[in-house]
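Chemist: how would this look folded up:
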Amino acid sequence: MDRQVGRLDCRDPVAVTAPVIHVAAALVVDAAGRALMVRKHGTTMFMQPGGKIEAGESSLDALRRELDEELGLRPSADDLTWVGSFEEDAANEPGHRVRAEVFALTIDAALTVAAAEIAESRWVDPRATGDIDLAPLSSEALLPLLLAR
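Modeler: All right, here's what the predicted structure looks like:
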């Protein structure tokens, strides 16, 4: 996949001055091309699994830690392919932007585990997401990326 950088309009003062949350996220897909989406406790928006990168941690290490904590997935570093950096409005932090280092992962096993701060996980067809509320990063950048494959 080509490296992509999400839209950042420098003419928009909010986009320029909004605090940025740096995360690592996984574009997890199955053999049918569905994307794995998660929803955190106390929120309504579904997004790709992942989380904040801790001090001194690489984005790849952060993602592997988050996938294990949230979903019980333990992919090797070789299983994850870097997709790119994307930036959009944060889903659950008003007035913030999220910058995600995104890696792709294809899995063939059914996934039912949701732990840590994850309330629900769901497989979503990127062509027909249904009535779920999607995070801007998912709806504006990552699911369209899957459709372009």
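
Chemist: hey, let's count contacts and neighbours off CA atoms from now on
Modeler: OK.

Chemist: quick one: secondary structure of residue 84?
Modeler: strand (DSSP: H, G, I helix; E, B strand; the rest coil).

Chemist: I meant to write residue 78 there.
Modeler: Relying on three-state DSSP, one would call residue 78 helix.

Chemist: burial measure for it, as a count.
Modeler: By the criterion of other C-alpha atoms under 10 Å, residue 78 has 7 neighbours.

Chemist: on the pLDDT front, check it for me.
Modeler: Note on residue 78: pLDDT of 97.

Chemist: ok, it to residue 124 distance?
Modeler: Going from residue 78 to residue 124 by C-alpha to C-alpha, to the nearest Å gives 25 Å.

Chemist: which phi and psi does the residue nearest to residue 40 when sequence neighbours are not counted have?
Modeler: Once flanking residues are discounted, residue 40 sits nearest to residue 118: 4.3 Å by C-alpha to C-alpha, 6 or more residues apart in numbering. Note on residue 118: its backbone torsions stand at phi -90, psi 120 [degrees, to the nearest 10].

Chemist: same question, residue 147
Modeler: Dihedral angles (degrees, to the nearest 10) for residue 147: phi -70, psi -30.

Chemist: wait, it sits on residue 127?
Modeler: Yes: contact criterion C-alpha atoms under 8 Å: residue 147 and residue 127 qualify, at 7.0 Å.

Chemist: for stretch 29-38, buried residues please.
Modeler: 29, 33, 34, 35, 36, 37, 38 (16 or more other C-alpha atoms under 10 Å).

Chemist: make JSON lines out of the residues you listed and add pLDDT.
Modeler: Formatted as JSON lines, those follow (pLDDT from 0 to 100):
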{"residue": "29", "pLDDT": "95"}
{"residue": "33", "pLDDT": "92"}
{"residue": "34", "pLDDT": "93"}
{"residue": "35", "pLDDT": "95"}
{"residue": "36", "pLDDT": "95"}
{"residue": "37", "pLDDT": "95"}
{"residue": "38", "pLDDT": "95"}
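
Chemist: let's test this: mean pLDDT of stretch 42-53, rounded?
Modeler: Averaging pLDDT along stretch 42-53 yields 96.
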